[in-house]
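Peer 1: this is a predicted model, with the sequence first.
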Amino acid sequence: QVQLVESGGGLVQAGGSLRLSCAASGRTDTIYAMGWFRQAPGKEREFVASITWTGATTYYADSVKGRSTISRDNAARNTVYLQMNSLKLEDTAVYYCAAGSYSSRPNEYRYWGQGTQVTVSS
């Protein structure tokens, strides 16, 4: 089993920045990749970014490419971050981290965190 705990969400003005964290524990040796997804009210969960567990490869959704960076902490090796800059109103959602395959499809991820709310205001 892998446990994931997100943190770092909050209220931010449009154009601002936030850094989300995801701490993994348990059988982290079974993790191949980590992903960030988000879900806005009334919408399906959508892919944001993913990173292989080694940190060597990353992949972004077009909607956040150039504004966001996914990374793994080399010191606290079981923590993955999502740095989001130039936030837009449409970035408002609950953000989830997940552990599983290196994929943009939610069903490729076996473990999920509880989510952290990001609200962007005008």
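Peer 2: Nice, thanks for sending it over.

Peer 1: now do the buried residues in stretch 18-32.
Peer 2: Using 16 or more other Cβ atoms under 10 Å as the test for burial, stretch 18-32 gives Leu18, Leu20, Ser21, Cys22, Ala23, Ala24, Ile31. (Each C-beta comes from the backbone N, C-alpha and C, glycine too.)

Peer 1: of those, which belong to strands?
Peer 2: Among these, the members found in strands (DSSP state E) are Leu18, Leu20, Ser21, Cys22, Ala23, Ala24.

Peer 1: contacting residues for the last one?
Peer 2: Looking back up the chat, that one is Ala24. Val2, Gln3, Leu4, Ile31, Met34, Asn78, Thr79, Val80, Ala99 (Cβ atoms under 8 Å, 6 or more residues apart in numbering).

Peer 1: hmm, 6 Å instead?
Peer 2: The neighbours of Ala24, taking Cβ atoms under 6 Å, 6 or more residues apart in numbering as the test, are Val2, Leu4, Asn78.

Peer 1: in PyMOL, how would I select the buried members of those?
Peer 2: A single PyMOL command suffices to select whichever of the contacts of Ala24 are buried according to 16+ other Cβ under 10 Å:
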select buried, resi 2+4+78
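
Peer 1: okay, the ones in strands among the buried residues of stretch 18-32 in TSV with distance to Asp62 and pLDDT next?
Peer 2: As requested, those are exported to TSV (distance: Cβ to Cβ, whole Å; pLDDT from 0 to 100):
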residue	distance to Asp62	pLDDT
Leu18	20	97
Leu20	19	98
Ser21	24	96
Cys22	22	96
Ala23	28	94
Ala24	27	94
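
Peer 1: kindly state the pLDDT recorded for Ser101?
Peer 2: Ser101 is assigned 89 on the pLDDT scale.

Peer 1: doesn't Tyr111 make contact with it?
Peer 2: No: contact criterion Cβ atoms under 6 Å: Ser101 and Tyr111 do not qualify, at 11.3 Å.

Peer 1: okay, strands next: where are they in this structure?
Peer 2: 2-7, 10-13, 18-26, 33-39, 46-52, 58-60, 68-72, 79-84, 93-100, 109-112, 116-121.
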